[in-house]
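**Student:** output the structure for:
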Amino acid sequence: MIMKLFANSRERFLEAILQSAIEYAIISTDLDGLVTTWNEGARRIFGWDEAEMIGKAAAVIFTQEDLQAGILQREMTAALAEGHGNDERWHVRKDGSLFWASGQMMALTSDDGKVEGFVKILRDQTEQRENEERQRVLMHELSHRIKNTLAVIQAITSQSFRNASSIEDAEQAISARINAYSKAHDILLQQNWLGTTMATIVEATAINLGLETSGRFKASGPAVELGPQAALCFSLVLHELVTNANKYGSLSVDPGSVEIEWSVRDEAGDKRLSFIWQEVGGPVVEPPYKKGFGTRLVSSSLSAFGEVSLDFAPTGLILRLDASLQKLQYKNYSDAEE
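**Tutor:** Coordinates of the predicted model:
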């Protein structure tokens with residue numbers, strides 16, 4: 001009698017522990033895979049009540065893909081052979097939604113060592129998995145940004161020295177180009193590196209080069225979002241165009257000015273950006289006998305987004321870009337590689 005009372009007390013104690021572990025789904029089955037116990041944690045995680053699951057097949061919590069692959073049987077086999085079977089996979093809730101589970105399956109044995117069933121203990125680790133995935137994507141994107149930044153700085157440095165007439169000229173060109181690139185980085189950081197607008201990049205260029213109140217730098221266009229890569233490219237391109245205009249183009253003489261216009265159109269479901277840089281009122285322009293670094297930088301940077309043309313018209317340089325708005329708005333470097 002005393003032993004029976006002790007046994008009943010022990011069972012009630014174990015049942016209390018089982019039901020209080022609400023962050024863990026604890027499920028036991030018989031050898032046929034039918035549920036024999038279903039704790040409160042299982043109800044919270046999966047959505048089925050205990051009454052709904054007792055005597056039902058535990059296979060219902062597995063995805064069809066895993067069932068067809070024999071995952072449930074593999075867990076049972078591992079539990080028998082190795083003492084436990086790992087459970088790191090997607091599981092199915094009552095409402096059909098999926099969650100990422102982490103847990104184990106173990107064999108239940110009687111006092112004489114006979115296998116009587118299995119117990120599965122698992123936890124919903126969806127949030128942790130999503131955090132790890134975000135971290136992986138962030139590190140991947142950070143790697144792209146660092147490599148791209150270093151490549152740009154390397155190109156700026158080597159090409160500036162190659163095309164400069166003196167070390168002093170090279171140092172000034174490098175400093176000015178990296179400063180323009182840095183300003184664009186600052187703008188993107190303020191927006192959590194999600195992008196910025198065309199108007200913001202144009203305005204930053206004007207301010208950086210002291211043209212914001214001159215009346216000789218005119219820009220107009222609708223609100224257009226740019227992804228980080230496009231914003232950095234336009235920052236460098238506009239810097240090169242303004243620098244060239246100051247030295248040789250329309251901004252090198254008092255009456256001269258620069259007009260920038262951009263617009264968006266829908267072309268068979270594909271939104272396109274038209275961007276035009278036009279210099280007016282400057283000296284007569286002649287096509288260069290060879291392309292310098294600035295010209296090559298402008299063409300190569302923008303050609304990643306669409307068609308670029310440079311027209312060295314006698315009345316002033318005209319740059320035209322016809323670009324895919326989708327490409328201009330990529331948030332990540334990895335998006336642009338797809």
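**Student:** how about the strands in this protein?
**Tutor:** For the chain, the strands defined by DSSP state E occupy 25-30, 35-38, 85-92, 98-109, 115-124, 196-197, 217-220, 225-226, 257-267, 270-280, 306-313, 316-324.
**Student:** got a markdown table for the ones you listed, with mean pLDDT too?
**Tutor:** What follows is the strands of the chain, written out as a markdown table (pLDDT from 0 to 100):
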| stretch | mean pLDDT |
| --- | --- |
| strand 25-30 | 93 |
| strand 35-38 | 94 |
| strand 85-92 | 92 |
| strand 98-109 | 92 |
| strand 115-124 | 92 |
| strand 196-197 | 93 |
| strand 217-220 | 92 |
| strand 225-226 | 94 |
| strand 257-267 | 93 |
| strand 270-280 | 94 |
| strand 306-313 | 92 |
| strand 316-324 | 94 |
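**Student:** how about the ones you listed in a markdown table, adding distance to Leu188?
**Tutor:** For the C-beta atoms, the positions are set from N, CA and C on the backbone; glycine is no exception. Output for these, formatted as a markdown table (distance: least, Cβ to Cβ, whole Å):
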| stretch | distance to Leu188 |
| --- | --- |
| strand 25-30 | 44 |
| strand 35-38 | 51 |
| strand 85-92 | 35 |
| strand 98-109 | 32 |
| strand 115-124 | 36 |
| strand 196-197 | 6 |
| strand 217-220 | 20 |
| strand 225-226 | 10 |
| strand 257-267 | 19 |
| strand 270-280 | 19 |
| strand 306-313 | 21 |
| strand 316-324 | 19 |
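**Student:** to Asp169, which of those strands lies closest?
**Tutor:** Taking Cβ to Cβ, strand 316-324 is the member of those nearest to Asp169, at 21.5 Å.
**Student:** what lines up beside that closest one in the sheet?
**Tutor:** strand 270-280 (antiparallel), strand 306-313 (antiparallel) (DSSP bridges).
**Student:** possible to save the strands of the chain as JSON lines with mean neighbour count?
**Tutor:** Output for the strands of the chain, formatted as JSON lines (neighbours: other Cβ atoms under 10 Å):
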{"stretch": "strand 25-30", "mean neighbour count": "20"}
{"stretch": "strand 35-38", "mean neighbour count": "20"}
{"stretch": "strand 85-92", "mean neighbour count": "18"}
{"stretch": "strand 98-109", "mean neighbour count": "18"}
{"stretch": "strand 115-124", "mean neighbour count": "19"}
{"stretch": "strand 196-197", "mean neighbour count": "20"}
{"stretch": "strand 217-220", "mean neighbour count": "16"}
{"stretch": "strand 225-226", "mean neighbour count": "21"}
{"stretch": "strand 257-267", "mean neighbour count": "16"}
{"stretch": "strand 270-280", "mean neighbour count": "19"}
{"stretch": "strand 306-313", "mean neighbour count": "14"}
{"stretch": "strand 316-324", "mean neighbour count": "19"}
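**Student:** those: which one's closest to Gly55?
**Tutor:** Taking Cβ to Cβ, strand 35-38 is the member of the strands of the chain nearest to Gly55, at 6.6 Å.
**Student:** which secondary structure elements does the closest one contact?
**Tutor:** Applying 3 or more Cβ pairs under 8 Å, 6 or more residues apart in numbering; DSSP states H and E, we find strand 35-38 packed against strand 25-30, helix 50-53.
**Student:** look up the closest residue to Leu302, ignoring the ones flanking it.
**Tutor:** Val308 (4.6 Å; Cβ to Cβ, 6 or more residues apart in numbering).
**Student:** wait, that neighbour sits on Ser299?
**Tutor:** Yes - counting by Cβ atoms under 8 Å, Val308 touches Ser299, with 5.4 Å between them.
**Student:** picking that back up, just so I know, which of the strands of the chain lies nearest Glu130?
**Tutor:** Minimum separation from Glu130 across those (Cβ to Cβ) falls at strand 98-109, 8.1 Å.
**Student:** identify the residues contacting the closest one?
**Tutor:** With Cβ atoms under 8 Å, 6 or more residues apart in numbering as the test, strand 98-109 has contacts from 24-25, 28, 45, 63, 75-76, 78-80, 83-93, 115-126, 128-129.
**Student:** which of the helices and strands packed on strand 35-38 sits closest to Asp186?
**Tutor:** Closest to Asp186 of those, according to Cβ to Cβ: strand 25-30, at 48.6 Å.
**Student:** any idea how far that closest one is from the chain center?
**Tutor:** For strand 25-30, the gap between its own C-alpha mean and the chain's C-alpha mean amounts to 39 Å (Cα atoms, centre = their mean, to the nearest Å).
**Student:** who does it pair up with?
**Tutor:** strand 35-38 (antiparallel), strand 115-124 (antiparallel).
**Student:** so for the biggest helix by length in the chain, what gets flagged as buried?
**Tutor:** Longest helix in the chain by number of residues (criterion: DSSP state H): helix 126-163. If you call a residue buried by 16 or more other Cβ atoms under 10 Å, then helix 126-163 has these buried ones: Thr126, Arg129, Glu141, His144, Arg145, Val152, Ile156, Gln159, Ser160.
**Student:** just the mean pLDDT for that helix, thanks.
**Tutor:** Mean per-residue pLDDT for helix 126-163: 77.
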